[in-house]
Every structure is written in structure tokens, then in C-alpha cells.
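A.B. asks: A structural model of the following input is requested.
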Amino acid sequence: MTSTSRRVRRVPAAICRAAGAALTLLCLLGGFGLRPPQTAHAASCADIDLAFARGTNEPAGLGDVGKSFTDAVKKRLQGAKGMSITTYGVNYPASVDFIQAGKGSDDLSKHIQKTAADCPKMKFVVGGYAQGAAVVDVLLGDTPPGTYTFTNPLPAGLEQRIVSIVLFGDPKNIRPPGVDANLAIREDLLHKVVDVCNQGDFFCDPQGGDIVSHTTYARDKLTDGVAETVVERLVAELGNGCQGINSTADTSTSCSPTA
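C.D. replies: You can find the predicted model right below:
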């Protein structure tokens, strides 16, 4: 494993730019009677929400890469007592009309804003594959509203509740006609990023390559190495014997993520 000033990590056949991550604890339902009414967060919120934007023409919801990644995260959380996580598949066309990626950025922003308001203690992991990675770039970069049909930026400061940003096959090498904006996460958020580019992936490898390398992230289990990095950060972030920030459970038992 090597590192640079941008904390680049390498996993087999992939390039990872250093990582942040976060994870969740299932909230306990409150009582009734004379007890004070419970907040929406106490009643139904997990500690972490993982939102993922699928790639072009992938199945609706998380998509194949997103499902592989979220499944790997959940598997590694099994050893973390009391932790819980919710997942959300960004709702957008994911069509060959790449300029519509901004609709995904708007939906992701809407989801984060609503969930953050409903669950004041919740933290977020956001990710995307291919065009879905561009969705994340547009939301968390310096992209001016109106670019890529993007109109709904996050309110200032809300991005600080995002613990980890995960990008697979981010199409940095591609720019749609008429778009004068680079795909890149803001400089102040780079420490949260895990940026994975399969060697020879035409869309993200600076040396170029082929389309096939762009399609094998889930098949080659590159999602597993990223999930491990994310879970390590989540456990460190939540701390307290691996108890989540919203847990009222006993914290006397320590734990560690399972392989």
C-alpha cells in the first residue's frame, strides 16, 4: 500500500484515493405514557445512511456495483455489535443522456436534506459508479447550479455530516458536449474520498484503456476492499466499543468488523 499527500490507497487492480467512512446503529423505540414524546430520530433512525447512485443502464435502485458494495459493507458490520445501516438508491434516469446526471445530484441532495432533518444525529456515506460517480461529483464538487441540469445544492455545512465518499469508475476522462465543468470532489472534502479506478478503465484511468475494465468492479470484487476501508473508518468514527452514536445498548463489550 502506498500513500501520497492526498492519501492514495491502492487495492488489487484498483486505485483508491484515501478514505473516509461511516456506519450505523439501530435506534431503539421510545416509551409511552408519562415519558416525553420521542423524536423522529429516536423512533426510526439508523446511525448511518448509505446512498448510492447506479451507473448507466444498471438496474433501478442501487445497481449491480452499488449492491455489491453495500452487501460487502453490511457483511463486515456483522461483528460490530449494535450497528445498523440504511441504504438508498438514487432515483435518476441513468441513461445514455449523460447530461441528465444532474437529476441524480438533485435527488441525492433532496434525500440527504430530508433524512438529515428527520434524523439530526445521522451521518452519511455517499457513493456512485460510473455516471453515478459523476452524480456525486456534481453534488460535492464546485459544479455551478444549472450544469448537468443540477439545481439543488446542499445547504452550507450539511456536507460535514458525510463521513465517506466512494467513487467507482468516475468518468473524469469524459465531458459531455457543451459542458465546461470538471468532475471532481471539492478540495476540502478529498480526505473523505475513496476513488477506485480499475486499471485500464477507459473512463477514469489517466492512461486510458478499454470499456471492459469499466464493467468488472462487482465481478472482480473490487467493492470488497473498498467496503473494508469504509467499515474501518465507520468503526473508528462511531467508537464507544463499536456502539453507534444513537445506541442506548450496553457498551461494555468491544467488537471489531468481521472479514
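A.B. asks: Tell me which stretches of the stretch 151-259 of the chain form helices.
C.D. replies: Ranges of helices within the stretch 151-259 of the chain are 222-238, based on DSSP state H, counting those that start in this stretch.
A.B. asks: which sections of it are below the confidence cut-off?
C.D. replies: Along the stretch 151-259 of the chain, segments meeting pLDDT under 70 span 175-182, 239-259.
A.B. asks: all strands of this structure, in order?
C.D. replies: With strands called from DSSP state E, the chain shows them at 8-11, 14-17, 48-53, 85-89, 123-129, 162-168, 193-198.
A.B. asks: which one of the ones you listed lies closest to Asp97?
C.D. replies: Ranking these by proximity to Asp97 (Cβ to Cβ) places strand 48-53 first, at 15.2 Å. C-beta here means a position set from N, CA and C on the backbone, and glycine is covered the same way.
A.B. asks: helices or strands up against the closest one?
C.D. replies: Here strand 48-53 is seen to pack against helix 63-77, strand 85-89, helix 101-118, strand 123-129, helix 131-140 when contacts are counted using 3 or more Cβ pairs under 8 Å, 6 or more residues apart in numbering; DSSP states H and E.
A.B. asks: which residues are in contact with the shortest one?
C.D. replies: Okay, so that is strand 85-89. Outside of strand 85-89, the residues within contact range by Cβ atoms under 8 Å, 6 or more residues apart in numbering are 23-24, 46-54, 60-63, 66, 70, 73-74, 77, 111, 115.
A.B. asks: Please pick the buried ones from the residues you listed.
C.D. replies: 23-24, 46-54, 62-63, 66, 70, 73-74, 77, 111, 115 (16 or more other Cβ atoms under 10 Å).
A.B. asks: returning to that earlier point: kindly reformat the strands of the chain as TSV containing distance to Asp107.
C.D. replies: Below are the strands of the chain laid out as TSV (distance: least, Cβ to Cβ, whole Å):
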stretch	distance to Asp107
strand 8-11	29
strand 14-17	25
strand 48-53	8
strand 85-89	9
strand 123-129	12
strand 162-168	16
strand 193-198	21
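A.B. asks: Contact partners for the nearest residue to Asn173 once chain neighbours are set aside?
C.D. replies: For Asn173, ignoring the flanking residues on the chain, the nearest one in space by Cβ to Cβ, 6 or more residues apart in numbering is Phe203 at 5.6 Å. Phe203 sits next to 130, 169-174, 214 when contact means Cβ under 8 Å, 6+ apart.
A.B. asks: Filter those residues down to the buried ones and hand me the PyMOL line.
C.D. replies: Selection command for PyMOL covering only the buried members of those, criterion 16+ other Cβ under 10 Å:
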select buried, resi 130+169+170+171+172+214
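A.B. asks: just the contacts of Phe203 now: which is nearest Val136?
C.D. replies: Closest approach to Val136 among these (Cβ to Cβ): Asp170, at 8.2 Å.
A.B. asks: my guess is that closest one meets Asp195, correct?
C.D. replies: Yes - between Asp170 and Asp195 there is a contact at 6.2 Å, judged by Cβ atoms under 8 Å.
A.B. asks: Ala236 and Val163, how far apart?
C.D. replies: 10 Å (Cβ to Cβ, to the nearest Å).
A.B. asks: ugh, wrong one, Asn91
C.D. replies: 22 Å.
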